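Asker: My questions concern the predicted model and sequence given below.
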Amino acid sequence: MLETTHFLDIDDLRTDELHAVLDRAAAVKSGADDTRLEDQTLGMLFEKPSTRTRISFETGMTQLGGHAIFLGPEDIQLGHGEPLSDTSRVLSRYVDVVMARLFEHADLVEIAEYAEVPVVNGLTNDAHPCQTLADLLTIREAFGGFDGVQAAWVGDGNNVGQSFVLGCAMAGLDLTVATPEDYGIDDDVLAHAAEYGGEPTVADTPEEAVADADVVYTDVWISMGQESQRHEKLAAFEGYQVNESLLDGTDAKVMHCLPAHRGEEISHDVLESDRALVWDQAENRLHAQKGLLVELLDE
Ligand code: CP
Ligand code: NVA
């Protein structure tokens with residue numbers, strides 16, 4: 001069992017709990033842990049589209065002996081004016097755990113405030129902690145642990161990047177970040193990472209960030225909901241594409257949470273090369289979330 005009731009960002013876990021969830025995920029993945037969540041139901045609220053999050057949570061609950069219900073914006077009264085607070089209280093009377101993918105992080109916090117069951121963040125504009133669990137599991141598998149591994153974040157400093165910064169700090173993974181001006185990691189997140197003794201090095205250029213990297217991570221430049229910013233963001237991110245030219249002279253592996261936009265933040269060649277850990281990352285969403293659900297719900 002975890003001390004936290006809700007999993008709204010990666011730092012809701014203590015550092016020892018983060019390692020425990022990763023250990024549990026690895027055990028679930030290998031079949032060594034066959035804990036069941038028999039007859040338990042996950043309610044999945046989505047304000048934005050999803051492939052990995054939706055399918056991995058739903059499949060994970062099925063594999064654990066439970067059930068998941070997809071609740072899209074048009075499917076329930078939330079999309080027609082029923083308040084978050086009411087939705088959360090009512091959901092809590094039916095399901096055993098809620099996962100929500102929302103635009104505003106404050107809305108997720110409000111759901112958690114009113115929920116009588118655990119609430120899990122399936123992505124907000126500020127954080128994507130389930131992705132971070134899968135990312136750390138993937139790095140641990142690829143490099144045999146975190147000690148001595150040098151990671152680089154190249155690109156937008158929003159949800160995926162921010163949870164990754166915190167996760168690296170908690171796991172003791174060295175990280176360098178390169179983000180365009182005005183699209184950096186939030187100062188509060190950097191300060192919080194420093195409290196774990198893991199403030200990332202901020203590089204001036206993508207080249208500087210990847211020079212000594214064992215693994216380079218990027219995410220889309222135009223996140224869901226930012227479509228109107230496309231023109232200005234494409235201009236701001238010029239030179240930040242993860243491609244063979246950037247990685248020339250390094251053996252770095254490459255990570256991406258997916259979906260990828262080939263030709264924008266990552267080149268087709270790199271994504272299709274042996275450098276890419278992206279398919280393992282995607283698979284590990286399933287195992288990491290099963291580990292998390294079992295740690296959250298198993299008594
Ligand atoms: N990485 C991720 O969260 O993917 P989806 O948007 O497909 O869920
Ligand atoms: N930063 C991306 C992540 C998608 C998983 C977005 O918010 O759209």
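Answerer: Ah, there it is. Ligands and ions are numbered 1, 2, ... in the order given.

Asker: going forward, measure contacts and count neighbours with C-alpha atoms only.
Answerer: OK.

Asker: Would you state the strands of the stretch 1-150 of the chain in chain order?
Answerer: Ranges of strands in the stretch 1-150 of the chain, per DSSP state E, counting those that start in this stretch, are 41-46, 67-71, 97-101, 119-121, 150-154.

Asker: Format those strands as TSV; extra columns: mean neighbour count.
Answerer: Below are these laid out as TSV (neighbours: other Cα atoms under 10 Å):
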stretch	mean neighbour count
strand 41-46	22
strand 67-71	18
strand 97-101	25
strand 119-121	26
strand 150-154	26
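
Asker: Run through the residues that contact the residue nearest the centre of the chain.
Answerer: The chain has Gln131 as the residue nearest its centroid, 2.2 Å off, counting by Cα atoms, centre = their mean. By Cα atoms under 8 Å, 6 or more residues apart in numbering, the contact list for Gln131 reads Val160, Cys257, Arg285.

Asker: How is this structure divided into domains?
Answerer: The record's domain parsing of the chain by automatic domain parsing lists 10-127+284-297, 131-281.

Asker: Give me the distance from the last one to the chain's centre.
Answerer: Looking back up the chat, that one is domain 131-281. From the chain centre to the centre of domain 131-281 is a distance of 12 Å (Cα atoms, centre = their mean, to the nearest Å).

Asker: now do the same end-to-end measure for that domain.
Answerer: One end of domain 131-281 to the other measures 8 Å (Cα to Cα, to the nearest Å).

Asker: who wins for most neighbours among the contacts of Gln131?
Answerer: Greatest neighbour count in the contacts of Gln131, by other Cα atoms under 10 Å, goes to Arg285: 27 neighbours.

Asker: does the host helix or strand of it come close to ligand 2?
Answerer: Using DSSP states H and E, Arg285 falls within helix 278-297. No. Contact of helix 278-297 with ligand 2 (Cα under 6 Å from any ligand atom) is absent, the minimum separation being 10.6 Å.

Asker: Buried residues, that helix. List them.
Answerer: 278, 280-282, 284-297 (16 or more other Cα atoms under 10 Å).
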